[in-house]
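Trainee: what would the 3D arrangement of this be:
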Amino acid sequence: MDKTALHSTHKRLGARLIDFGGWEMPVMYRGIADEHHHTRTVSSIFDVSHMGRLYFKGDDAEKLLDRVCTRNIAKLKVGRSGYSHVCNERGGVIDDVIVSRFEDKLLMVCNASNRAKMLAHLNAQSAGMKVKIDDQTKGTVMMAVQGPATMELFANALEKSPIKIGDMGRYGFVTGSYMGVNFSIFRSGYTGEDGVEAVVSNMVGVLVWDRLTADGGEKRPTVKPAGLGARDTLRLEAGMPLYGHELNEDIDPLSAGCGWCVDLEKEFLGVEALRKIKEGGPRRKITGLVLDGKRIARQGSKILSGDTEIGEVTSGTMSPTLEQSIAMGFVDAEHSEIDKTLTIDIRGTTVDAKVVPLPFYKREK
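Mentor: Predicted coordinates for the structure are as follows:
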């Protein structure tokens, strides 16, 4: 099993470690609800070094990524990132990724469990092209710092640096060096809060983590570690898809509610299938559900209209912020209207659930 450069730090902090995508990762430190609330109200730090970091150089780097990505990579400006899907010929999602354009290269961040699959796919699609793919996943640390206090904390930490992090817009990024440390800082995340994702070398990853999580006392809010458990409840409240749940190779981006990251005007792998789905409309649609009571609907639970099965749950949890049982799932398109009452079969017991708009939670501006 792979370990990130922060593995010893997680053990020192008493994290509960689990196998996630072939990596031994912290699922929680103090408790999921505590870590969730601290992210929503202050700022938390997550080790996301298991995510794949693939760099592309060469004359055909853009050509390759435009061929495999649903987003128009040619329109992506230097210093900007863009969320995209990579599809098979049927329009199913091989992975969901974020692509960033540097002055001299492009970066793709992919899911940990899909990195080997993505590398094989990219190498196959790049046959005959002038492009070099450099996998730097194991040579760098990637940390996500998320929460309403994050941007002010980073601005203060870098106040003597020429980097003005507050000037970055959402999905902007900067690269540079500070106190001898090379870094890339991206204004993005997976929690529904404002924040950043930072990439540094393995050599300084622990030092940066310890500095960011130092007790702020009365001078500043304290950034606290959070694990994959809170990361999942946060992203679910924010209505963000998780690969293997809301996305897989049999689910297309349009049905998953991600049509905004698909440019059907350009040519890419899977576009013909997606154009047909767009023309006729998705057969099933991703739906937000709020359940009566405290029972949690797990992935695979059947969604019913009367006695008829019309879909299934993809993710569910008890929302720490809303204090309600929430779920996402695919239902037949004719049953997806807002405020419609459906039922969910939870281990033989049916529970009423109301269809609601996504996301369940949206941060205040």
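Trainee: the one helix or strand in the chain whose mean pLDDT sits lowest packs against which elements?
Mentor: Ranking every helix and strand in the chain by mean pLDDT, DSSP states H and E puts helix 150-157 at the bottom, with a mean of 81. Helices and strands touching helix 150-157, by 3 or more Cβ pairs under 8 Å, 6 or more residues apart in numbering; DSSP states H and E, are strand 195-201. (Glycine included, C-beta is placed from N, CA and C.)
Trainee: who does the strand it packs on pair with, and is each partner parallel or antiparallel?
Mentor: strand 140-146 (antiparallel), strand 181-186 (antiparallel) (DSSP bridges).
Trainee: for the residue nearest the centre of the chain, what are its contacts?
Mentor: Centrality entry for the chain: nearest residue to the mean C-alpha point is residue 190, 4.5 Å, by Cα atoms, centre = their mean. Residue 190 makes contact with 144, 146, 231, 234, 235, 238, 240 under the criterion Cβ atoms under 8 Å, 6 or more residues apart in numbering.
Trainee: please identify, among these, the one with the most neighbours.
Mentor: Within the contacts of residue 190, most neighbours by other Cβ atoms under 10 Å means residue 234, with 30 neighbours.
Trainee: what about the nearest residue to that one once chain neighbours are set aside, how many residues close to it?
Mentor: Distances taken as Cβ to Cβ, 6 or more residues apart in numbering place residue 191 nearest to residue 234, at 4.0 Å, with adjacent residues excluded. A total of 25 residues lie near residue 191 under the criterion other Cβ under 10 Å.
Trainee: over to residue 191: give its phi and psi.
Mentor: Dihedral pair for residue 191: phi -130, psi -10, per degrees, to the nearest 10.
Trainee: mind pulling up the pLDDT for it?
Mentor: As predicted, residue 191 sits at a pLDDT of 98.
Trainee: contacting residues around it?
Mentor: 39, 144, 146, 147, 231, 234, 235, 238.
Trainee: which residues in the stretch 1-150 of the chain form strands?
Mentor: In the stretch 1-150 of the chain, the segments counted as strands under DSSP state E, counting those that start in this stretch are 16-20, 23-28, 44-47, 52-57, 81-87, 93-101, 106-110, 132-135, 140-146.
Trainee: looking at these, which is closest to residue 214?
Mentor: Comparison of the strands of the stretch 1-150 of the chain against residue 214 by Cβ to Cβ identifies strand 44-47 as nearest, at 11.3 Å.
Trainee: what's that closest one packed up against?
Mentor: Other elements packing on strand 44-47 under the criterion 3+ Cβ pairs under 8 Å, 6+ apart are strand 140-146, helix 202-212, strand 224-225, helix 228-237.
Trainee: hey, least reliable of these by pLDDT?
Mentor: When the helices and strands packed on strand 44-47 are compared on mean pLDDT, helix 202-212 scores lowest, with a mean of 92.
Trainee: could you give me the buried positions within that helix?
Mentor: 204, 205, 206, 208, 209, 212 (16 or more other Cβ atoms under 10 Å).
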